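Peer 1: return atomic coordinates for the entry below.
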Amino acid sequence: LEALLALRGCTEGGAAASKPRRSGALDAAEQRQRSFSRRYSRSFALAADEAPVEVVYEDEWLLALNKPADVSSVPRHRFEGSSMVNRAVHYLGGRSPYVVHRLDHG
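Peer 2: Numbering: from 1, shown residues only. Next up is the predicted model:
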């Protein structure tokens, strides 16, 4: 918990730490903490969304889905749903897809 709070620049009570941030690279301890936090959060599976998908094409290596205009391509956070990635996770039986192209952002 202390390591995660330190990454956010907070003390255990939730107040901002008084340590000034310097511009540039992180020191070695901060890099290790950030790397650990990323690996730890990725150990949790993406949320699966059971909403229907319209499959445009599917084979052994590729899955193309038609994305409705009101649905985001990717979730804002790993533990949130309601995106095409979350729908694809459900469709693929829990496997995480890799998004190769989006047409909703230019």
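
Peer 1: now the helices for this structure?
Peer 2: Ranges of helices in the chain, per DSSP state H, are 2-7, 28-42, 84-91.

Peer 1: packing partners for the last one?
Peer 2: To tie it back to what came earlier, the one meant is helix 84-91. If you count contacts as 3 or more CB pairs under 8 Å, 6 or more residues apart in numbering; DSSP states H and E, helix 84-91 packs onto strand 63-66. The C-beta positions use only the backbone N, C-alpha and C, and glycine is treated the same way.

Peer 1: what are the buried residues along the strand it packs on?
Peer 2: Using 16 or more other CB atoms under 10 Å as the test for burial, strand 63-66 gives 63, 65.

Peer 1: for the remainder of this discussion, apply numbering that starts at 28.
Peer 2: Will do, 28 is the new start, and the previous item becomes strand 90-93.

Peer 1: circling back to that earlier point, least reliable of the helices of the chain by average pLDDT, please.
Peer 2: Mean pLDDT across the helices of the chain is lowest at helix 29-34; the value there is a mean of 58.

Peer 1: residues touching residue 66, list them.
Peer 2: If you count contacts by CB atoms under 8 Å, 6 or more residues apart in numbering, residue 66 has none.

Peer 1: swap in residue 119?
Peer 2: So residue 119 contacts residue 90 (CB under 8 Å, 6+ apart).

Peer 1: residue 113 versus that one, what's the distance?
Peer 2: 11 Å (CB to CB, to the nearest Å).
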